[in-house]
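Q: Quick one: sequence plus predicted model below, questions after.
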Amino acid sequence: GTKPLYYQVFLNKAKNGIIDEGLLPKKVDGSQLLNSYIPYIATCIQLKQKDLEFITPLLPDSNVTFSNLSYLFAASRLIKKLKLKAEDFAIIQQQSGIDIFSSPDKTLEFIKVIENFKYSPLKATDVRFILNHEATNLTDREIKVEKIEELLGNLQIGYKKINEEQRSKFDDKLSADEQKESLISTLSGLSGVSENDVKTIAKFLDKNWTDVTDAAGAKTFIDDKFEKGINRTNINAAIDSLDALAAGADSSSEQKDLIHKLLDSIADFQIEISKQTLLEQTLLTAFKVDLALAGITLQYAKLKQPALGTDLIRGLLIDNFVNPITQANYPKQYAAIKLLHKMLALLNAFKLSNTDVEWYFKNNSSLGWLEFDSIPYDLGQTAIDFAKYISFCRIVTFSKQFTAVTNPSDAEQPTSFFTIADIILLSVAASRDEFLNKLALLTGYEKDDLDAIDANLFAAFNIDNYKEPENWKRLLTCADFTRKLGAEVA
């Protein structure tokens, strides 16, 4: 009769060339180590020895037992069936945490994970590095300390030059009258400030508010004309001090103070802009990223590990670096560069538009989606949930699949995936009707069908259901079947 499967696999001389007596059933009692039989087992289950060595760490122990041999055999068949590399199989199993062969349901769950992993722009080894900060070649993958020090050193030199060349033109040794020309020259160089605007501001020094009614009007005028990044607080205080003087009182000190505050505030702003530009250019050179992407990342990214940090990366890296560049002096700045090294690689892999990146930075936390700046960048830090990563991969796929369409009710506001996502952000305040109307417009499915399918899938409408891409898939798959079959939703 037919021999048991164990004999067909592990004791098959015709197929394996030899029979290793160490795997005779009576000797498979857990007293032997698998390592002693790796070449033979690899031959039996038709895997390369190197591939088998990727799988053995998944076992509960290193002993020769029927359960361990069964696992290795089943894994080898699943690897071939799913057309996976053994290393990828092992990584995805570890990342997913699924006990694959504990039940048929778990096996099917794992197969579904493999199907969804196809949406990942990163290979399994890269995903493990990004999410867990683990790799067989971790040292090679991490940014070198020397590169961090070179990068920060270049910023230190550049910032020093910017501070020297663009420092405030105010000179405490000169009177207000002697510095009016310097003020006028500085004001004339500001974007959005016209020649007449400069003349109006110059009148303020003489407590002349005729062009703006009063001191409050002067502050409003400056607020309207100056760029947003220029700090108004000290300027406004100087205007108030000048306005508070009695008629005919000596105003030379207050005039000088207003010039001081104007020149300092403008210089501080221009220095910040120049430092930001240098920082973006430095990141572009160091990490080969789009300049606009570097700017968006600096605007939103925070240093969220090892603790729940709130420091903006930009704020950390705009530091003037007055001390020697060492990790002891600048631990957070070193950490920021380590995070950028990984985070920018992750963003580049997804090939997102800069507009999309900005939207995700602003909203992913509220939606429970992958936060780019939460990834670990050093050993011992909190890993990112693999399921959250896969979920985000599917979200990105949906966003690219459903490109923007013309909105009949507002041609200037096309409907896109992010239109729907903005509705989901409203949570309990979201309108079911608006959601279904926009989704029907975006996907091309009938609103009535989507309405009926949603009612069948969920006992009550809850917009939060659609934070999960799996529910998008369920809804749209049903809608597609309905359209193809010409059926109605019961």
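A: Ah, there it is.
Q: now the strands for the stretch 1-150 of the chain?
A: Using DSSP state E, counting those that start in this stretch, the stretch 1-150 of the chain contains no strands.
Q: Per-residue pLDDT of the closest residue to Tyr6 other than its chain neighbours, please?
A: Leaving aside its sequence neighbours, Tyr6 sits nearest to Pro25 (CB to CB, 6 or more residues apart in numbering; 7.1 Å). For glycine as for every other residue, the C-beta is placed from the backbone atoms N, C-alpha and C. On the pLDDT scale, Pro25 is placed at 94.
Q: ok, Pro25 to Pro4 distance?
A: 9 Å (CB to CB, to the nearest Å).
Q: Grab the longest helix from the protein for me.
A: helix 252-287 (DSSP state H).
Q: So which bits of that one are buried?
A: 254-272, 274-276, 278-280, 282-284, 286-287 (16 or more other CB atoms under 10 Å).
Q: How about stretch 136-153?
A: 141-143, 148-149, 151-152.
Q: first to last residue in it, what's the distance?
A: Using CA to CA, to the nearest Å, the span of stretch 136-153 from its first residue to its last is 30 Å.
Q: pLDDT below threshold where in the protein?
A: Counting by pLDDT under 70, the chain has low-confidence residues at 1, 490.
Q: Now the most centrally placed residue in the chain. Nearest residue, chain neighbours left out?
A: Central residue of the chain (CA atoms, centre = their mean): Phe372, 2.1 Å from the mean position. The shortest distance from Phe372 to any non-neighbouring residue, by CB to CB, 6+ apart, is to Met343 (5.2 Å).
Q: Next: Asn236.
A: Lys219 (4.9 Å).
Q: If you count neighbours, what's buried in stretch 425-437?
A: Buried residues in stretch 425-437 (16+ other CB under 10 Å): 425, 430, 435-437.
Q: I'd like the residues you listed as TSV, with secondary structure and distance to Ala383 appended.
A: Converted to TSV, these look like this (DSSP: H, G, I helix; E, B strand; the rest coil; distance: CB to CB, whole Å):
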residue	secondary structure	distance to Ala383
Leu425	helix	27
Ala430	coil	32
Phe435	helix	34
Leu436	helix	37
Asn437	helix	40
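Q: Can you show me the strands along the stretch 301-450 of the chain?
A: Using DSSP E, counting those that start in this stretch, strands in the stretch 301-450 of the chain cover 302-303, 311-312.
Q: among these, which is the most enclosed?
A: Comparing the strands of the stretch 301-450 of the chain by mean neighbour count (mean count of other CB atoms under 10 Å), strand 302-303 ranks first with a mean of 21.
Q: How far off centre is it?
A: 11 Å (CA atoms, centre = their mean, to the nearest Å).
Q: Residues contacting that strand, please?
A: The set of residues external to strand 302-303 that reach it, using CB atoms under 8 Å, 6 or more residues apart in numbering, is 309-313, 316, 332, 335-336, 339, 373.
Q: Show me how to select, in ChimeraX, the buried members of those.
A: With 16+ other CB under 10 Å as the criterion, this ChimeraX line picks the buried residues out of the contacts of strand 302-303:
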select :312,313,316,335,336,339,373
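Q: quick one: which of the contacts of strand 302-303 is nearest to Leu347?
A: Asp373 (10.4 Å; CB to CB).
Q: Quick check: the closest one touching Lys304?
A: Yes - the pair formed by Asp373 and Lys304 meets the contact definition of CB atoms under 8 Å, at 5.4 Å.
Q: what's near enough to touch Ile390?
A: 113, 116-117, 119-120.
Q: got a winner among those residues for most neighbours?
A: The residue in those with the most neighbours, by other CB atoms under 10 Å, is Phe117 (22 neighbours).
Q: That residue and Gly368: what is the separation?
A: 20 Å.
Q: Could you do Lys438 as well?
A: Counting by CB to CB - Lys438 and Gly368 are separated by 21 Å.
Q: Show me which of these two is the more surrounded one.
A: Between Lys438 and Gly368, Lys438 has the larger neighbour count (other CB under 10 Å), namely 20 against 12.
Q: what residues are up against that one?
A: Counting by CB under 8 Å, 6+ apart, Lys438 has contacts 415, 419-420, 423.
Q: Go ahead and build a PyMOL selection from the buried members of the residues you listed.
A: Command for PyMOL that selects the buried part of the contacts of Lys438, burial taken from 16+ other CB under 10 Å:
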select buried, resi 415+419+420+423
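Q: and of the contacts of Lys438, the nearest to Asp172?
A: Distances from Asp172 to the contacts of Lys438, taken by CB to CB, are shortest for Thr419, at 55.6 Å.
Q: So that closest one is in contact with Leu439, correct?
A: No - Thr419 is beyond contact range of Leu439, at 9.3 Å (criterion: CB under 8 Å).
Q: picking that back up, does the residue nearest to the centre of the chain touch Leu344 like I think?
A: No - using CB under 8 Å as the test, Phe372 is too far from Leu344 to be in contact (9.1 Å).
Q: Okay, helices next: where are they in the stretch 301-450 of the chain?
A: Ranges of helices in the stretch 301-450 of the chain, per DSSP state H, counting those that start in this stretch, are 313-317, 331-350, 354-367, 386-401, 417-425, 432-443, 447-457.
Q: Over to Ile98: give its phi and psi.
A: Note on Ile98: its backbone torsions stand at phi -80, psi 130 [degrees, to the nearest 10].
Q: neighbours around the closest residue to it other than its chain neighbours, how many?
A: Among residues not flanking Ile98 along the chain, Phe110 sits closest, at 4.8 Å (CB to CB, 6+ apart). Look at Phe110: counted by other CB under 10 Å, it has 20 neighbours.
Q: Hmm, Leu439 is touching Phe417, no?
A: No - with contact defined as CB under 8 Å, Leu439 does not count as touching Phe417 (9.8 Å).
Q: For those two, indicate the residue with more neighbours.
A: Leu439 (25 against 22).
Q: Roughly how far does the more buried one sit from Ala487?
A: 20 Å.
Q: and which of the buried residues of stretch 136-153 is nearest Asn320?
A: Leu152 (11.5 Å).
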